[in-house]
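> this one's structure only:
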């Protein structure tokens with residue numbers, strides 16, 4: 001009898017462990033994706049600002065969209081998609097071939 005009482009609640013605790021772990025991994029994936037998006041946005045914004053100020057050329061120059069301003073100058077826009085590392089192997093989370101990608105956007109004004 002004593003052994004049965006010691007095991008009370010262990011099944012319920014085990015059943016709560018699975019969804020809690022899945023929720024934690026999902027939140028961790030979202031945090032990593034958000035951090036990667038912030039880092040990539042800062043990187044391309046920095047590069048685009050330098051390009052607008054100093055006329056730098058690089059491998060993403062052809063991806064820059066230019067819009068002329070009425071008083072002279074132009075608005076430079078750069079949109080990129082960046083891959084995010086996959087932390088969990090939940091099926092159906094996102095496309096297996098393409099992986100998880102976040103969109104980044106940078107704007108700069110060249111006068």
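Structure's in. What do you need? Everything quoted here is computed from the prediction, not taken from an experiment. Residues are numbered from 1 along each chain as shown.
> next, count neighbours for residue 71.
Residue neighbour count, defined by other C-beta atoms under 10 Å, stands at 6 for residue 71. (C-beta placed from N, C-alpha, C; glycine too.)
> regarding it, what is its secondary structure?
Secondary structure state of residue 71, per DSSP: H, G, I helix; E, B strand; the rest coil, is coil.
> quick check on it: phi, psi?
Phi and psi for residue 71, reported as degrees, to the nearest 10, are phi -90, psi 10.
> that one and residue 54, how far apart?
Taking C-beta to C-beta, to the nearest Å as the measure, residue 71 falls 22 Å from residue 54.
> I'd like the next helix or strand past the host helix or strand of residue 16.
Following DSSP states H and E, one finds residue 16 within helix 10-54. Downstream of helix 10-54, the first helix or strand assigned by DSSP H and E is strand 65-68.
> sheet partners, orientation included, of that following strand?
strand 74-83 (antiparallel) (DSSP bridges).
> contact partners of the partner strand?
By C-beta atoms under 8 Å, 6 or more residues apart in numbering, the list of residues contacting strand 74-83 from outside reads 36-37, 40, 44, 48, 51-52, 60, 63-69, 99-110.
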